[in-house]
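# fold the following, please.
(4 chains)
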4 protein chains.
Amino acid sequence: MTEMDGGGLPVLERYRAVRARSLLLAAPLSIEDCSAQSMPDASPVKWHLAHTTWFFETFVLERFEPGFAPFHPAFRVLFNSYYNGIGERHPRAQRGLLTRPALGEVHAYRCDVDTRVARLLAGAEIATAPALADLVELGLQHEQQHQELMLTDVLHLLGQSPLLPAYHDGARAPQADGGALDWMDFEGGLAVIGHHGATFCFDNELPRHRQFVEPFALSTRLVNNGEYLAFIEAGGYQDASLWLAEGWDAVRTQRLAHPLYWRHDAQHNGHNGHNGHNGHDGGGGGGWREFTLHGEHKLDLAAPVTHLSLYEAAACAAWMGARLPTEAQWELAAQSAHAGALRQMSGACWQWTSSSYAPYPGYGSAPGALGEYNGKFMLNQYVLRGSSHATPPGHARASYRNFFPAGARWQFTGLRLAR
Amino acid sequence: MTEMDGGGLPVLERYRAVRARSLLLAAPLSIEDCSAQSMPDASPVKWHLAHTTWFFETFVLERFEPGFAPFHPAFRVLFNSYYNGIGERHPRAQRGLLTRPALGEVHAYRCDVDTRVARLLAGAEIATAPALADLVELGLQHEQQHQELMLTDVLHLLGQSPLLPAYHDGARAPQADGGALDWMDFEGGLAVIGHHGATFCFDNELPRHRQFVEPFALSTRLVNNGEYLAFIEAGGYQDASLWLAEGWDAVRTQRLAHPLYWRHDAQHNGHNGHNGHNGHDGGGGGGWREFTLHGEHKLDLAAPVTHLSLYEAAACAAWMGARLPTEAQWELAAQSAHAGALRQMSGACWQWTSSSYAPYPGYGSAPGALGEYNGKFMLNQYVLRGSSHATPPGHARASYRNFFPAGARWQFTGLRLAR
Amino acid sequence: MTEMDGGGLPVLERYRAVRARSLLLAAPLSIEDCSAQSMPDASPVKWHLAHTTWFFETFVLERFEPGFAPFHPAFRVLFNSYYNGIGERHPRAQRGLLTRPALGEVHAYRCDVDTRVARLLAGAEIATAPALADLVELGLQHEQQHQELMLTDVLHLLGQSPLLPAYHDGARAPQADGGALDWMDFEGGLAVIGHHGATFCFDNELPRHRQFVEPFALSTRLVNNGEYLAFIEAGGYQDASLWLAEGWDAVRTQRLAHPLYWRHDAQHNGHNGHNGHNGHDGGGGGGWREFTLHGEHKLDLAAPVTHLSLYEAAACAAWMGARLPTEAQWELAAQSAHAGALRQMSGACWQWTSSSYAPYPGYGSAPGALGEYNGKFMLNQYVLRGSSHATPPGHARASYRNFFPAGARWQFTGLRLAR
Amino acid sequence: MTEMDGGGLPVLERYRAVRARSLLLAAPLSIEDCSAQSMPDASPVKWHLAHTTWFFETFVLERFEPGFAPFHPAFRVLFNSYYNGIGERHPRAQRGLLTRPALGEVHAYRCDVDTRVARLLAGAEIATAPALADLVELGLQHEQQHQELMLTDVLHLLGQSPLLPAYHDGARAPQADGGALDWMDFEGGLAVIGHHGATFCFDNELPRHRQFVEPFALSTRLVNNGEYLAFIEAGGYQDASLWLAEGWDAVRTQRLAHPLYWRHDAQHNGHNGHNGHNGHDGGGGGGWREFTLHGEHKLDLAAPVTHLSLYEAAACAAWMGARLPTEAQWELAAQSAHAGALRQMSGACWQWTSSSYAPYPGYGSAPGALGEYNGKFMLNQYVLRGSSHATPPGHARASYRNFFPAGARWQFTGLRLAR
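Numbers count the residues shown, from 1 in each chain, chains lettered A, B, ... in the order given. Take a look at the predicted model:
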């Protein structure tokens, strides 16, 4: 889908930029930070760096490089994420035990593969160039997805430490929006949904197809921390009637009482007698603090609430007399002439929808192992739309379908209301 | 929604017939059979008998009976299934430990409530009669749902016994269909889906609404045991590429290799030398036997395959070059002029769809505890359409939405193909 | 080891008496009570009734009865407890799912085996009589052990019920002892431990052997509920320094705060204004109630504390400045001339010792499956001495070694102090 | 218990030597190797380095250093292993997530504490010197225990890697002993057991006391890999009659079939046609390989079998017609005039005994948090005697009591026979 310019240079430049960004994201971290795995769902940064390289080695070099030989034979297994078509893979929950290869060796692995991909791109014949460029582009999009995962996984790891260390003091945060929570109406009708045009998209955004949508309204911005705090203080986590049955089970068995990275600190309970200019925090928040990529800080009430499970998002929406949007509603709104009036559609946080992740009518996955990229996950997962402050610039689009299980909380997941 | 005839007699007659059928279903069982719980998802028959009675006591008598007093104060908790709005409930996994009340006491409970409901129906004033009749009808539909669960739960319990006892030698079985697996084409278009008319339906079948459906085809009958056996023998349970990711995990961790109640018996491997008239079994089946409500018998290759998880249904469909239908496709086909040419649409077994169980646009649940009947389960469950041989006659309809988690196998669940 | 009197009558009379007692113990229970299993460690009463019969069928009839044929071929597996030497066995945790055979069939099984054992005893030739009588006696001792287990397992089952039903209003209870907690000194020395004489004992009580014991003292009675309540009220369950490491883990992960069947009822908090004669309860107890075989009642402060794990027994002993006795200390004291001054040595509750269950020097188990009776459990279990109010009269003796894992709480287990 | 020589120099020299040895052991490892935790029972090397330092900081500096201030306030919690008396502690299973402090900071922590301890030792007044020296010696013995744990934990971590990396090519291995398995008889009698003399010992080796021991015999060397292989090949892991009940459960649920680090490699099955000098491996071993601190190599049949659970040790002993020794037998033999004829008593591998870890008569633990060092673990653990090739030279002695749960396999644990 991606066109390669004559000499292949634009693709190569893009390749170098995306690949360099991964290293940049890892730069603030120690060797130990890069190696640890805080839970089975998260992966070590070192593993992300290696796996994204494995992707190019396996799906690009192995197919196109004459006389291909693997950088290290064991890496085929160690850094295979979930591709049964490629063969065995290292157990997911034990990625943190892969002290070998060391981070330095993974850097060498990246270097070697980068050199070979660059050589390939430079010398590609006209016949193979488009297919090669498409696969390289897929690899880069894949790497961008992992760039966001690197940040969510690092945040989770650092959040386990009693020292509450910052990933980076200057890390980006989702932008606050102090404006009112207004509603925008949409007429619905026979919408056309899915990616169109010649630019890149994942296979799960296709085919473009018709879907009938009833009239609906969306909130003009995301629900923010202040509103979510009101939900908590109104007893939202104690009122079963607001929750889906599975969500209520989670509340009780996991003793959920607030978003993942919130912590109530009795010592910071609003009134710091010795601190006359405390008011600039905007007041309120009652001792609540939030752990973020730049450490723990006082809860910003105007910032979008994030690190919610779908359970929490749906319960808060119900408490606010609303619902989650469907993905068709979201995409239709994003396409509309008035989309500009909807704030925080992208770049703030991913927005849960009530749509289960399912194939579009006529969906067909690619043949071979690459067909496992998306299709086999289309069960018991829910679609998120938009993008977050941690999504690489330019990566997402209106038809983009992110997806996670309903209970996932370590992603940058928030809530836009529908009714 | 149900109209009560003048003197209330038709409702009362129906009440008596449905209530009596529950006792009839329990009749072949011993006291011990009625009391045991074979897994957390299944309930003892005694519990079903009490819970369905509790439903009338709680939602009918407590609302309408003057001077209402409960039959036994503890039953409010013991026989509450999942209604948080009613209060505490006995832990689901410990229903088999409720040796008290004894089965006899549960019979007395049923008698008492039946007498009081009958008295209420007989004396209902015109003002309250319709609301009362609607709730009684809901209670009867609810009891019919539990009548099927009694059979699936008993089958599971008896299936745990090394003695492989029959529930009832004369139990009904899904009908075999020796015909070819043909396809019927449908044009699709802007379908109108959901219940219509004045007759009873559950709230999840409403509101009737439009949905756009692409052209599709359905198989004219269900996939049968012979076809499923071919899938097994072709290595279906060993080929990851056929499975959804979650299904493949289930195959490996639960070591799935065949439908729930199949068993391969080397001693019955097709050729019973000493049994000259073995041929009437229809040949084939290679030693496979199936446990059913009338005991274990040789696998009937022409009968619809049942007790499949959605994982298995989807994998077998993929192997056969097809997919699961969506629920809209299924309902559209059931409404069509040619529906008669589709065999086994009801009365054979429930048919997995690829549709996650979600609220229809504009869905609203009832206020109060009854609102928990359906709505709170609309997450991580998948819709099944049709009905099974164990569904009470007249209970299901074209718009009926049954639902279970994708991994459930102890229901009478089978597979119709779509493409 | 047991001698059979001339005509075999005494053994037969004893056989009938012990076997009848099992039925007597089951008499107050409903069919459902007899069939349920409240946890993997406990067994249904029906299973106990069948298993003790299986023991006679397998180890007596199968060896001695000419032309032996099993009552039912499947029972060999269903009612085998843990004898690998006999073959397969039904999974322990699923004994409650054995709704078949029904209780009536188990009664028939008992009848049949009883008739055949009686015939065998009556006709035994002089050559085989002693071996036969020994095995019958072992079977009776085995059945007596299960008689106590029937009561502990029933208590546990009924304790799961919100109805808190009594097993039997007239059930025996451990006798209270209002006397002071005094100490009796023992000189120790080279003690001789183990069973001696021609009467029956289990193989784990042999061989009699020498063991060196330092001087020690034992408390003259068991620790009672009042003393244990003082331990609780002094914060015993919050003070890690009193607990063995594994015990402290259990306190935290299982949230232990009192003995198994205690319950604090704020409504019965000592001062029943409307009940002038409340004083006869002996005062104190502050709202604590205990569930027993005759239902729930106000905690009797003078009764021995029971249903303690070894963890709790050891922590309470430490709090009282004492320790658990070793089994050698206990047995030496029981043999001593002054044993009479030690109260509640038997018939109150089993007394935890600090001795791990291990073979005596020179211990050898019987050949064949019967060798599994005791020897294979000699690891990670701790010895209890004495007997409880639920132990069949005449069953225990000074050299008797009962044993359970340190965390077991559903037995009638209490605490005598040593120092 | 340890006497400090006049100016304190010998203690200081010893301090420096022991502390330096820990760093030496960590030297072959990468930062990642030092940070990972392969299972909850094992700890990262970095954690060992910090915890042993914490021990000196908490029990030496905090008590004796004027104006004591902690190196880092959070370390009190992070590096507390199990001392409830000190306060909170980081969850054991999450030690591998402590990416902060980095290894470099832990080195700085060690340096700082070493400087301060040295200053303290140099300036100690006569009054405090003995108490100080005793605590320093306890800290050094403690660090030596962790030195062995560092090696067992590293071995376990590296053993998880598909790359099977060597810790150190030159690591020591338990010495092979090609001699016959002979028996040495001991008379038994009233033995005196426990540490004596003025040298250091742990509190669990005291008090020295009398114990009566029957006559017994010990094998003159440890059971070796060849003998254990014969046990395997004779079907030892399939014969329930050889196993303790808990061991047989472990065999089935964990699918045990060989010692922890053995692996059967069909490609190395004895006959390497292309390798003419294969014979120098001593023949036999049939394709079995063992993973060790210097990588994976062909199984050395003459080396002592190691990494056995007590279950496996007891089953193999039973198969060889023998038993495990008691700890009193072992210690009595070690004290005897003929001890020299017993080979591999120390320096090869730890030897399971059948003795549960229990307090000696009259045992009393130290007051305060140090009292938790040993006493609270005296339940459900079994004593090992001797020492292994990984035990620091000079650390163990005849009265030394090592202890682990019966199922532990990652220590250097082997088997000497008794009868």
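# sec struct for the residue nearest in space to the middle of chain A, please.
When chain A is reduced to its mean C-alpha position, the closest residue under Cα atoms, centre = their mean turns out to be residue A:148, at 5.5 Å. Reduced to three states with DSSP: H, G, I helix; E, B strand; the rest coil, the structure at residue A:148 is helix.
# what about the stretch 151-300 of chain A, any weak spots by pLDDT?
Low-confidence segments of the stretch 151-300 of chain A, defined by pLDDT under 70, span residues A:268-283.
# taking it, what residue is nearest to chain D?
residue A:160 (4.7 Å; Cβ to the nearest Cβ). Every C-beta, even on glycine, is put in place using the N, C-alpha and C of the backbone.
# so how far is residue A:51 from that residue?
Residue A:160 is 22 Å from residue A:51, where distance means Cβ to Cβ, to the nearest Å.
# do residue A:40 as well
Shown here: residue A:40 relative to residue A:51, a distance of 15 Å by Cβ to Cβ.
# give me the more crowded residue out of these two.
The residue with more neighbours, out of residue A:40 and residue A:51, is residue A:51; 22 against 12, by other Cβ atoms under 10 Å in any protein chain shown.
# tell me the mean pLDDT for the strand or helix carrying that one?
Using DSSP states H and E, residue A:51 sits in helix A:45-56. Averaged over helix A:45-56, pLDDT sits at 98.
# what packs against that helix?
In this structure, helix A:45-56 packs against helix A:9-26, helix A:31-35, helix A:75-78, helix A:103-123, helix A:129-159, with contacts taken as 3 or more Cβ pairs under 8 Å, 6 or more residues apart in numbering or on different chains; DSSP states H and E.
# list the buried residues in it.
Burial within helix A:45-56, assessed by neighbour count using 16 or more other Cβ atoms under 10 Å in any protein chain shown, is assigned to A:45-56.
# what sits against residue A:206?
Contacts of residue A:206 were listed using Cβ atoms under 8 Å, 6 or more residues apart in numbering or on different chains, and they are A:194-195, A:360, A:363.
# reformat those as a markdown table; add secondary structure.
Formatted as a markdown table, the entries for the contacts of residue A:206 read as follows, by three-state DSSP:
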| residue | secondary structure |
| --- | --- |
| A:194 | coil |
| A:195 | coil |
| A:360 | coil |
| A:363 | coil |
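# closest to residue B:126 among those?
Proximity of those to residue B:126 (Cβ to Cβ) peaks at residue A:360, which lies at 52.7 Å.
# list the contacts of the closest one.
The contact partners of residue A:360, by Cβ under 8 Å, 6+ apart, come to A:193-194, A:204-207, A:209.
# show me the domain layout of chain A.
According to the domain assignment given by automatic domain parsing, chain A is divided into the following structural domains: A:11-158, A:172-419.
# what about residue A:198, how many neighbours?
Residue A:198: 8 surrounding residues under other Cβ under 10 Å.
# quick check: it is in a helix.
No - looking at residue A:198 with three-state DSSP, it is coil, so not inside a helix.
# so what's residue A:261 closest to, chain neighbours aside?
Sequence neighbours aside, residue A:291 is the residue nearest to residue A:261 in space, at 4.2 Å (criterion: Cβ to Cβ, 6 or more residues apart in numbering or on different chains).
# show me where chain A has its strands.
Taking DSSP state E as the criterion, chain A contains strands spanning A:183-186, A:189-193, A:209-213, A:216-219, A:262-264, A:288-292, A:295-298, A:350-356, A:382-385, A:402-404, A:413-414.
# looking at the ones you listed, spot the one closest to residue C:257.
Distances from residue C:257 to each of the strands of chain A were compared using Cβ to Cβ; the minimum, 25.9 Å, belongs to strand A:262-264.
# count of neighbours near the residue of the stretch 151-300 of chain A found nearest chain C?
Using Cβ to the nearest Cβ, the closest approach of the stretch 151-300 of chain A to chain C is made by residue A:255 at 13.1 Å. Neighbouring residues of residue A:255 were enumerated by other Cβ under 10 Å; the total is 8.
# same deal with residue A:233?
Other residues lying near residue A:233 total 9 when counted by other Cβ under 10 Å.
# show me what contacts the residue in the stretch 301-419 of chain A positioned nearest to chain B?
Closest residue of the stretch 301-419 of chain A to chain B, Cβ to the nearest Cβ: residue A:356 (3.5 Å). Under the criterion of Cβ under 8 Å, 6+ apart, the neighbours of residue A:356 are A:379-383, B:356, B:358.
# do I have it right that residue A:64 meets residue A:133?
No - applying Cβ atoms under 8 Å as the test, residue A:64 and residue A:133 come out as separate, 10.7 Å apart.
# intersection of neighbour lists for those two?
Common neighbours of residue A:64 and residue A:133 are listed as residue A:124 (criterion: Cβ under 8 Å, 6+ apart).
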